[in-house]
Every structure is written in structure tokens, then in C-alpha cells.
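Asker: From the sequence below, what's the structure:
(one chain, ligands or ions: 2)
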Amino acid sequence: MTGPGRTRVVLSLGANLGDRAATLRAALTELAGDGLVARSTLYETPPWGPVEQPPYLNAVAVVVGERDAAGWLARAHELEDAAGRTRDVRFGPRTLDVDLVTVTAADGTPVLSDAPELTLPHPRAHERAFVLVPWLSLDPRAVLPGHGPVADLLAALPPEDVAGVVGWDHLA
Ligand SMILES: Nc1ncnc2c1ncn2[C@@H]1O[C@H](COP(=O)(O)OP(=O)(O)OP(=O)(O)O)[C@@H](O)[C@H]1O
Ligand SMILES: Nc1nc2c(c(=O)[nH]1)N=C(CO)CN2
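Answerer: Ligands and ions are numbered 1, 2, ... in the order given. I've put the predicted structure just below:
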């Protein structure tokens, strides 16, 4: 049997409970061991969605390694568990959220999935400034499969959504 080969995953990381920056930095340090090839700086972002909750810190990471999409999801859940994540309110506050934005197979094609346990590309990434701004910052030519260039997706979002995503590291 051959494995999946070297696949590439774009991860969105978010935290809005506890020491948000420490949690994100610990997760990014962990990902260095998985083949981290690029990461954004940290951004402070207003909470997206229906739940009233504190602001998030968000980041995007790109990792290349020998896992299939399910393997990357399992790794994301491990990182969430290590941060003491409990699973309760949908879209609600959390110590760490790690979402798979898109996975590229070893042959360069995007992995597509409609399964509820792993939908790829992530079904809400294209409308989330907290994903698109950090992603564009580390890859100006980034493309979200099925939706197009990240730069174009950002240009189509309400300007106030984009302006709400503020570089955070220099404030730390
Ligand atoms: N692309 C994906 N990345 C991460 N999880 C996914 C993805 N597609 C489906 N899921 C599933 O969604 C489940 C719920 O994830 P989670 O609790 O993080 O949702 P949420 O963060 O509230 O919403 P969102 O996914 O919109 O950020 C996960 O257990 C996972 O199986
Ligand atoms: N700004 C921001 N808002 C969110 C985030 C997130 O990571 N950043 N994650 C959520 C979980 O579903 C819900 N809302």
C-alpha cells in the first residue's frame, strides 16, 4: 500500500477564551513538527456568527505532510484537545478552534468532500474575513477551490468585515 503522499493543508486557528495568544503560539509550535511551511501573524477579530462572545485571535497556517484529509482533521482535534477545548455551543466560544480550510492532494488537485464530519473546502471559509485576511497575508496568490482567488473573495466582503480584522502581534 502507498500512503497519501505529501498533502498540503491550510488551517484556520482561532481562540477566544483563556490566554489566546499563548494557545495559538503553542499550537503553531506543535505544527512545526508536522511540516509547517508558512504561518500568518496573529489577528484580533470580532466574533463571527450568531453567538455573542469575546473577540478572537485568529491565524492561518499551511502544513505539508504525509497525512490524508481525515488525518489532518484528527490532528486538528488533537490540538484542540491539548488546549482543553470542550465541545458545546455551535459557533460558540472556545479555547482553540482548528478548521481545515482546504486540502491539496499530492497530485496538486483539491480534496473535495460533502461529508458533515469533514466538508472540504470548509463551507464557510469564503465569507470569513478572519480566515481570508491572514491567509492572503501569507500567500497573496492563494485560491479557495470552488470560490476563486482569496483577494477577490475579500474584495467582495463588506469592507467593515475586512477592517475588523486587525494585526495583533505588535499590540502584544
Ligand atoms: N473543514 C472542516 N474543518 C474542521 N472541522 C470540520 C470541517 N468540516 C466538517 N467539520 C466537522 O465539524 C465539527 C464541528 O466543528 P466545530 O465545533 O469546530 O464547529 P464550529 O467551529 O462551531 O463551526 P465552524 O466549523 O463553522 O467553525 C467537527 O467535529 C468536524 O468533524
Ligand atoms: N472572529 C471569529 N469568529 C468566530 C470564530 C473565529 O475563529 N473567529 N470561530 C467560530 C467557531 O465557529 C465562531 N466565530
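Asker: ok, which residues in the protein are in contact with ligand 1?
Answerer: Counting by C-beta under 6 Å from any ligand atom, the chain comes close to ligand 1 at 73, 76, 87, 90-91, 97, 99-100, 117-120, 122, 124. No exception for glycine: its C-beta is placed from N, CA and C like everyone else's.
Asker: Can you select the buried ones from those residues in ChimeraX?
Answerer: In ChimeraX, a selection of the buried entries from the residues of the chain next to ligand 1 looks like this (16 or more other C-beta atoms under 10 Å):
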select :73,76,97,99,100,118,120,122
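Asker: can you tell me which two in the residues of the chain next to ligand 1 are farthest apart?
Answerer: Arg87 and Leu120 (20.2 Å; C-beta to C-beta).
Asker: So which bits of the helix or strand harbouring Ala74 are buried?
Answerer: Using DSSP states H and E, the element containing Ala74 is helix 69-82. If you call a residue buried by 16+ other C-beta under 10 Å, then helix 69-82 has these buried ones: 69, 71-73, 75-76, 79-80.
Asker: and if you look at stretch 129-145?
Answerer: Applying 16+ other C-beta under 10 Å to stretch 129-145 flags 129-138, 142, 144 as buried.
Asker: how far does that stretch stretch from start to finish?
Answerer: 17 Å (C-alpha to C-alpha, to the nearest Å).
Asker: Appreciated, that's everything.
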